[in-house]
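S.K.: Predicted model and sequence below, questions to follow.
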Amino acid sequence: MFSFCTDPDTLDTVRWFACYLTTGKHANLYVSVVIVLVLLALTAPAALMFGFGGAMAARSRIWPVSWIGKGYIAVVRGVPDIAFFLFFVIALDQAFEWIRHKIKCPDWDEPIRQGNDFVVCQAAKLPLGNAPQWIHETYGFFLAALTFAIVFGAFAANVLFGAMRAVPRAQLETAEAYGMSHRQTFWRILVPQMWVYALPGLSNLWMVLTKATPLLFLLGVEDIVYWARELGGTANPRFTDYPHGDWRAWYFLALLVFYLGLTRISEILLERLTVRLNRGQATTGGEALRKAGA
């Protein structure tokens with residue numbers, strides 16, 4: 001806040017907007033942009049880990065493991081994202097508290113499930129009732145990020161499972177003929193080559209993940225959409241000392257520019273990654289690169 005912002009009624013247009021856009025509530029909007037970027041930075045590799053694990057399980061020769069992998073892919077992909085987010089966060093939170101309850105309160109003699117209420121001892125609460133507000137917010141964000149990773153990990157698993165099957169079987173047989181074990185063939189031949197086939201699907205999944213970040217609002221996190229809606233509406237003293245009309249269209253236009261810019265940067269980086277992965281590969285993309293360099 002600038003020193004000349006003491007009396008909003010005496011400000012000209014430029015100074016009024018300078019003061020308006022630097023209020024504490026607008027700082028929350030700017031922080032929420034960072035939250036979205038942090039969510040993407042954490043969720044993308046976590047979802048890829050879940051996806052890789054699910055794909056490995058789905059192609060396992062052990063039937064129960066294969067059933068678990070294919071079941072994870074089918075169930076999560078078959079449930080609408082919104083329904084999964086609304087249900088799974090509550091279930092995940094209660095699962096953590098139930099585990100802590102069994103460890104910290106072994107002498108508890110009352111039922112945990114009491115009608116619609118889920119009651120655990122105070123020591124098992126997550127987070128504790130006397131914890132600072134930032135811990136509550138961090139825990140909520142952690143649950144949201146984990147839920148995003150599990151949901152999009154199922155889609156990544158489906159993409160990676162298909163990519164593993166797309167690697168020519170002849171190359172795997174050649175590796176085995178040279179004396180490589182099943183493990184060596186998997187890590188040295190299959191995994192390096194599958195990324196070429198997986199990248200188009202993973203690129204689309206990244207775009208979907210980017211567009212799904214506004215679902216943070218459904219999970220109780222005050223995200224960029226929440227603050228754009230609140231600050232853009234007919235402001236009340238709870239949000240600003242600078243009242244204005246309904247500016248939600250302008251705020252959501254700024255969100256449009258933000259997401260389009262993020263999408264464009266992603267497209268550039270993914271295109272460069274595609275070229276790098278295709279170089280030297282026996283694929284259509286690799287053949288095009290060879291012809292271009294010839």
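M.R.: Here it is on my side, so go on.
S.K.: Tell me where the protein has strands.
M.R.: Assigned strands in the chain, in chain order: 113-114, 117-118 (criterion: DSSP state E).
S.K.: Skip the chain neighbours and tell me the closest residue to Ser32.
M.R.: Of all residues not flanking Ser32 in the chain, Ile224 sits nearest, at 4.3 Å (CB to CB, 6 or more residues apart in numbering). All C-beta atoms are positioned from the backbone trio N, CA, C, and that covers glycine.
S.K.: I'd say the one you found and Leu29 touch.
M.R.: Yes. With contact defined as CB atoms under 8 Å, Ile224 counts as touching Leu29 (6.9 Å).
S.K.: Neighbour count: the two, which is higher?
M.R.: The neighbour count for Ile224 versus Leu29, taken as other CB atoms under 10 Å, is higher for Ile224 (26 against 21).
S.K.: need the contact list for the more buried one.
M.R.: Under the criterion of CB atoms under 8 Å, 6 or more residues apart in numbering, the contact list for Ile224 reads Leu29, Ser32, Val33, Ile35, Val36, Thr213, Pro214, Leu255, Phe258.
S.K.: hang on, Tyr72 packs against Gly54?
M.R.: Yes. Because the distance of 5.1 Å satisfies CB under 8 Å, Tyr72 is recorded as touching Gly54.
S.K.: Show me whatever sits in contact with both of these two.
M.R.: Common contacts of Tyr72 and Gly54, defined by CB under 8 Å, 6+ apart, comprise Ala154, Ala157.
S.K.: Those two - which one has more neighbours?
M.R.: When Tyr72 and Gly54 are compared on other CB under 10 Å, the one with more neighbours turns out to be Gly54, at 26 against 21.
S.K.: Please tell me how far the more buried one sits from Ala212.
M.R.: Distance of Gly54 to Ala212, given as CB to CB, to the nearest Å: 19 Å.
S.K.: again, but for Phe96
M.R.: Relative to Ala212, Phe96 is positioned 23 Å away (CB to CB).
S.K.: Show me which of the two is the more surrounded one.
M.R.: A side-by-side neighbour count of Phe96 and Ala212, using other CB under 10 Å, places Ala212 first with 18 against 14.
S.K.: doesn't Lys70 make contact with Ser60?
M.R.: No. Look at Ser60 against Lys70 with CB under 8 Å: they stay out of range, at 9.7 Å.
S.K.: Give me the more crowded residue out of these two.
M.R.: For Ser60 versus Lys70, neighbours defined as other CB under 10 Å are more numerous around Lys70 (18 against 15).
S.K.: Per-residue confidence, the more buried one, what does it come out as?
M.R.: Reported pLDDT at Lys70 in the predicted model: 92.
S.K.: Also the one 10 residues further on?
M.R.: The predicted structure scores Pro80 at 82 on the pLDDT scale.
S.K.: Count the residues that sit near it.
M.R.: Counted with other CB under 10 Å, the neighbours of Pro80 add up to 8.
S.K.: where exactly do the helices run in this structure?
M.R.: Assignment of helices within the chain using DSSP state H yields the ranges 13-20, 24-58, 63-78, 81-104, 133-166, 169-177, 182-185, 191-212, 224-232, 248-278, 284-293.
S.K.: Excluding covalently adjacent residues, which one is nearest to Arg229?
M.R.: Taking CB to CB, 6+ apart, and ignoring the residues beside it in sequence, Arg229 has Arg248 as its nearest neighbour in space, at 6.3 Å.
S.K.: per-residue pLDDT, that neighbour?
M.R.: In this model, Arg248 carries a pLDDT of 83.
S.K.: Does it touch Glu230 like I think?
M.R.: No. In this structure Arg248 lies outside contact range of Glu230 using CB under 8 Å: 9.3 Å.
S.K.: ok, the two, which is more surrounded?
M.R.: Between Arg248 and Glu230, counted using other CB under 10 Å, Glu230 has the larger neighbour count: 19 against 15.
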